Structure formats: C-alpha cells, structure tokens
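Student: build me a model:
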Amino acid sequence: MSLSDSSGWTCASCHRRVPPRVDTCRCGTARASVAIDDTTEEIAERRFNPVLLLVLVVAVAVGLAVPAFSRRTAPVVSAPPAAEAPPSPREAPIVPPPSSKEEPPPPPAPVDVKHEETLEDVVARALPAVTSIRTGQGRGSGFFVKRDTVITNAHVVDGQSVVSLQVGDRVYVARVVNVSTGSDLAILKLDQPAATQATLELGSANQARVGQEVIAIGSALGVLSNTVTRGIVSAVRQVGPITLLQTDAAINPGNSGGPLLDRNGVVIGVNSMAVAKQTGEGVAFAVAINHVTQLLESGRGVQTTQTPLNGLQQMFTSPEEADPERLRGERDLTQAFATIARTADQLDSFWNRYKSSCVTTALRGSRPWFGVFEANGVTINQTGVYDCHNWLQTVSGHADEVRAAVDQAVAASKKAGVFPGTVRDLLHQYRLDWHRD
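Tutor: The predicted structure follows:
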C-alpha cells in the first residue's frame with residue numbers, strides 16, 4: 001500500500017477509513033472540516049514521526065563511529081627490538097642514490113704471499129758457503145762471497161800468504177791477496193774453485209736494529225766445523241773508524257772470520273772477537289759488513305794504527321780503572337819485543353843468504369824461517385855445495401832462542417795484567433807472531 005492509500009480520514013458515523021481523495025463516506029456522511037484537520041495532523045504525525053527520525057539519526061551516528069573506533073582501538077603488532085638504535089638524522093650517513101648505470105667493481109689485485117724461511121732453512125742454505133781455515137797452528141773460519149773469493153779476519157791469516165780451506169769434503173789452497181789490520185779483515189782467492197760453490201749475499205750494517213735476531217756460523221774452537229749459534233744484536237758500536245755489531249751469540253777463536261747473518265741469511269758482519277772482562281763474562285763483536293764491501297770495491301781497508309780489539313779494550317778501561325802495573329807491563333813488553341826483533345832481523349839475513357842454495361820448500365809467515373817450528377816445515381837441498389843440514393840446525397838453534405825470549409816476555413806481561421789483544425798487536429808489529437788464534 002502506498003502512503004497516499006494508508007492515509008485518509010475517519011468517518012464520524014461508521015468510523016470507516018476513507019481515502020483522502022474521497023469526500024463522502026459510503027454511509028453518506030460527508031467529511032467534516034474538523035475531521036479533515038485531524039486527519040491532516042495524523043498524516044503529518046505519521047509522515048514526520050520524531051521517534052523514527054531520532055532512531056535514524058542514532059543509527060547513522062553509530063554507523064559512522066564504529067569504523068573510527070575500530071581504527072583507534074585496534075591492537076598494534078610491534079616489530080622485534082633492533083640490536084642497535086637507528087642513528088639520528090644528523091648522524092645518519094648520506095647515501096647517494098644508486099646510479100642507473102653502475103660500473104662493475106674492478107677485480108681484486110693479486111696478493112703476493114711470501115713465506116718466511118724457517119731458521120733451519122736459512123742455516124742449511126748458508127752452511128755450504130762457510131769454510132774452515134787452517135794456517136799452520138792457527139784455526140779460523142771464512143765465507144764465500146764469490147766462487148773464488150773468501151772473506152775472513154786479518155788475525156786469522158796474519159803473516160801468511162797461503163792458507164788451507166776446507167768446505168765439506170773439499171780442501172783448497174787459497175792465496176791471501178789483501179789484508180786490512182785496521183778493520184781486521186782479509187781477502188782470499190782460489191785459483192780453481194768448484195763450479196757449484198755456494199756464496200752468501202752481503203747486506204749492510206746500516207739497517208741493523210738492536211734486538212734483531214742474528215746467526216753466527218763457524219768452526220767452534222777451530223775443530224768443530226759448521227757450528228751455529230743464535231742471538232740478537234745487542235748494540236751497534238763505533239770504535240774509532242770501525243763499526244762493530246755487539247751480539248750475545250757465542251763467538252770463540254774458531255768462529256773468527258765466519259759470517260754473522262740476519263734472519264734472511266744475509267751477511268751483516270764478520271765474527272771477529274770476544275772480549276772478556278775480569279769478571280769472566282764475555283761480549284762478542286762482529287766487524288760491520290760495510291767494511292768488507294769497501295775492501296772489495298776499493299782494495300783499501302781502514303787506515304788506523306790500532307785494531308778493533310785494541311780500541312775496545314781501551315774503551316772498556318776507564319781512567320779510574322787504569323792499572324799502573326799493567327801499563328808498566330805494556331812498556332816492558334814493548335821493549336823486550338824490540339830487542340828480540342833485532343835478533344830476528346839478523347836471523348832473516350842469515351836465512352836469506354843461503355835459502356836459494358839450501359831451501360827447497362818452506363812454510364811462509366811473517367819471517368820465512370818460522371817454518372822450523374813445524375814438523376817438516378822446511379825441506380832442504382841435500383845435494384848442494386853447502387852443508388845445508390848444519391846450516392838449518394844453526395837457524396833452528398837461533399830460532400828457538402828467539403821463541404824462548406818471546407814466550408818469557410809474554411808470560412811476564414800476563415802477570416802484569418796486559419790485555420791479550422795488546423800482546424797480539426805487539427807480536428804483529430814486531431813480526432814475532434808465529435802463533436795463530
């Protein structure tokens with residue numbers, strides 16, 4: 001039913017509902033004016049029911065409020081806490097936007113990995129280049145810097161022009177071609193070296209650092225060949241014009257002339273001496289390899305009147321430690337050697353007068369007749385016109401007198417406390433040093 005059909009007026013007589021377009025009821029009763037007004041109000045009340053309107057307004061309001069309330073009260077699912085708070089805008093790095101045409105990164109550069117040699121490898125590589133040296137009664141060490149060139153100490157070959165070398169099972173004869181007493185160095189040459197002879201590389205003592213590891217190789221005590229000792233560079237000393245490397249690696253007279261190597265097997269010094277104080281505690285020194293390079297290149301060593309050992313002993317002796325008795329002993333020894341040397345010079349003349357007729361072979365030394373101190377050190381000509389046998393006996397008798405006088409003077413100097421290095425220097429100075437350290 002439409003709204004127009006449901007609305008109308010009520011007949012006052014029969015109380016029927018009459019449509020609004022009909023003015024007379026079926027019973028004949030006409031629509032009165034009051035009824036019309038009532039009907040109109042009723043229609044208005046039905047058409048504008050305030051309760052219905054309120055219900056509609058409330059429904060609309062509720063419909064609008066529910067989504068907003070749902071958004072406001074919906075549970076928030078939080079992300080797990082980060083390990084570190086994000087930086088503030090001021091601290092955050094500025095990341096440039098990626099380029100649309102980004103070039104591929106260059107390939108990584110090849111890494112040069114160098115494996116350091118073990119100590120055993122360094123020693124094994126160096127040993128074939130180290131030689132034992134024999135000079136009559138003396139013993140020492142040396143090392144090859146070229147197939148035909150050996151470096152050693154001057155005091156090892158002092159007074160000799162030819163020495164014997166032993167490398168492994170090989171035995172060579174080497175000539176002494178250059179000697180520098182100022183730096184205690186000597187150069188030996190071989191005429192027929194082995195084609196496969198190993199050599200050592202020369203470095204520089206300028207790069208030596210206190211505390212760095214070093215290796216000393218030589219013939220300990222003159223008979224224990226290929227002896228290796230290890231230590232550090234204790235100090236770098238300047239003794240006059242000579243640079244010395246002080247080390248705690250054990251060095252004895254047999255090690256003299258052997259190489260002092262760095263951790264890479266490069267020679268930085270020539271083992272030269274061990275100086276003992278009166279306490280018995282010794283310190284060892286090697287001559288810096290720079291002096292070897294100078295001697296090889298120029299042929300000239302350090303020009304000085306004292307040896308490195310002599311300079312060290314003077315350095316060890318402070319004015320407070322000066323011993324008057326020792327100083328007197330040095331003066332007495334010098335005077336004794338000067339007197340003995342005059343007798344030795346006369347014996348030189350006697351030797352030279354007859355050597356061409358009587359001497360077939362003889363060991364060479366500071367004085368040629370030193371060969372009489374060795375068994376079979378002098379071979380004489382038995383068929384000559386002179387009585388060479390008696391001549392040699394005369395030489396030997398005077399030589400024994402010279403040696404006895406030297407031994408007596410040296411023994412007296414030891415009682416006076418004269419340093420062994422001083423004795424050795426004086427023996428060399430007066431050409432009376434047939435003994436070899």
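Student: check contacts around the nearest residue to residue 389 once chain neighbours are set aside.
Tutor: Take residue 389 and drop its neighbours on the chain: the residue closest to it by C-beta to C-beta, 6 or more residues apart in numbering is residue 380, 6.6 Å away. Backbone N, C-alpha and C define where each C-beta goes, glycine included. Applying C-beta atoms under 8 Å, 6 or more residues apart in numbering to residue 380 gives the contacts 358, 359, 360, 388, 389, 391, 392.
Student: ok, residue 23 next?
Tutor: By C-beta under 8 Å, 6+ apart, residue 23 lies in contact with 30, 31.
Student: next one: residue 235
Tutor: Contacts for residue 235 (C-beta under 8 Å, 6+ apart) come out as 210, 245, 246.
Student: switch to 10 Å and redo it
Tutor: In this structure, residue 235 makes contact with 208, 210, 211, 244, 245, 246, 247, 283, 285, judged by C-beta atoms under 10 Å, 6 or more residues apart in numbering.
Student: which of those are buried? Put it as a ChimeraX command.
Tutor: A single ChimeraX command selects the buried members of the contacts of residue 235 (16 or more other C-beta atoms under 10 Å):
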select :208,244,245,246,247,283,285
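Student: need the contacts of residue 235 in TSV (columns: distance to residue 266).
Tutor: Formatted as TSV, these follow (distance: C-beta to C-beta, whole Å):
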residue	distance to residue 266
208	11
210	17
211	17
244	18
245	13
246	19
247	15
283	23
285	19
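Student: redo the contacts of residue 380 as CSV? Include secondary structure and distance to residue 129.
Tutor: Rendered in CSV, the data for the contacts of residue 380 read as follows (DSSP: H, G, I helix; E, B strand; the rest coil; distance: C-beta to C-beta, whole Å):
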residue, secondary structure, distance to residue 129
358, helix, 42
359, strand, 37
360, strand, 36
388, helix, 44
389, helix, 46
391, helix, 45
392, helix, 41
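Student: report the buried members of the residues you listed.
Tutor: If you count burial by 16+ other C-beta under 10 Å, the buried members of the contacts of residue 380 come out as 358, 359, 388, 391, 392.
Student: among those, which two are most distant?
Tutor: Greatest spatial distance in the buried ones among the contacts of residue 380: 359 and 391, 9.5 Å, computed using C-beta to C-beta.
Student: beta-bridge partners for the residue nearest to residue 389, please?
Tutor: With beta bridges defined as DSSP bridges, residue 380 has these partners: residue 359.
Student: direction included, what does the biggest strand by length in the chain pair up with?
Tutor: Longest among the strand segments of the chain by residue count, using DSSP state E, is strand 224-239. Sheet pairing of strand 224-239 (DSSP bridges) gives strand 213-220 (antiparallel), strand 242-247 (antiparallel).
Student: how near is residue 148 to residue 189?
Tutor: According to C-beta to C-beta, to the nearest Å, residue 148 and residue 189 sit 6 Å apart.
Student: oh, I was asking about residue 229
Tutor: 28 Å.
Student: who has more neighbours, these two?
Tutor: Between residue 229 and residue 189, counted using other C-beta atoms under 10 Å, residue 229 has the larger neighbour count: 21 against 14.
Student: can you pull the pLDDT of that one?
Tutor: The model reports residue 229 with a pLDDT of 87.
Student: wait, it sits on residue 250?
Tutor: Yes - between residue 229 and residue 250 a contact is recorded at 4.3 Å, counting by C-beta atoms under 10 Å.
Student: overlap in contacts of these two?
Tutor: Counting by C-beta under 10 Å, 6+ apart, the residues touching both residue 229 and residue 250 are 216, 218, 220, 271, 284.
Student: closest one to residue 428 out of these, please.
Tutor: Nearest to residue 428 among those: residue 271, at 19.5 Å, using C-beta to C-beta.
Student: for the host helix or strand of that closest one, what does the pLDDT average out to?
Tutor: Residue 271 belongs to strand 267-276 when elements are defined using DSSP states H and E. Per-residue pLDDT over strand 267-276 has a mean of 81.
Student: next SSE after that strand?
Tutor: Next element after strand 267-276 (DSSP H and E): strand 282-288.
Student: check which helices and strands that next one is in contact with.
Tutor: Here strand 282-288 touches strand 213-220, strand 224-239, strand 242-247, strand 259-261, strand 267-276, helix 308-316, going by 3 or more C-beta pairs under 10 Å, 6 or more residues apart in numbering; DSSP states H and E.
Student: what mean pLDDT does it get?
Tutor: Averaging pLDDT along strand 282-288 yields 83.
Student: identify all contacting residues around the helix or strand just after that strand.
Tutor: Counting by DSSP H and E, the next helix or strand C-terminal to strand 282-288 is helix 289-298. Applying C-beta under 10 Å, 6+ apart, the set of residues contacting helix 289-298 from outside is 143, 145-146, 149, 151, 178-180, 182-187, 200, 202-206, 208, 241-245, 259-260, 266-270, 288, 300-302, 308.
Student: can you give me the buried ones in stretch 376-385?
Tutor: Buried, per 16+ other C-beta under 10 Å, within stretch 376-385: 378, 380.
Student: also stretch 157-170?
Tutor: Within stretch 157-170, the residues scored as buried using 16+ other C-beta under 10 Å are 157, 158, 159, 160, 163, 165, 167.
Student: could I get these as CSV with distance to residue 404, secondary structure and pLDDT?
Tutor: Putting the buried residues of stretch 157-170 into CSV (distance: C-beta to C-beta, whole Å; DSSP: H, G, I helix; E, B strand; the rest coil; pLDDT from 0 to 100) gives the following:
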residue, distance to residue 404, secondary structure, pLDDT
157, 26, helix, 86
158, 22, coil, 76
159, 20, coil, 74
160, 23, coil, 81
163, 27, strand, 90
165, 33, strand, 90
167, 38, strand, 88
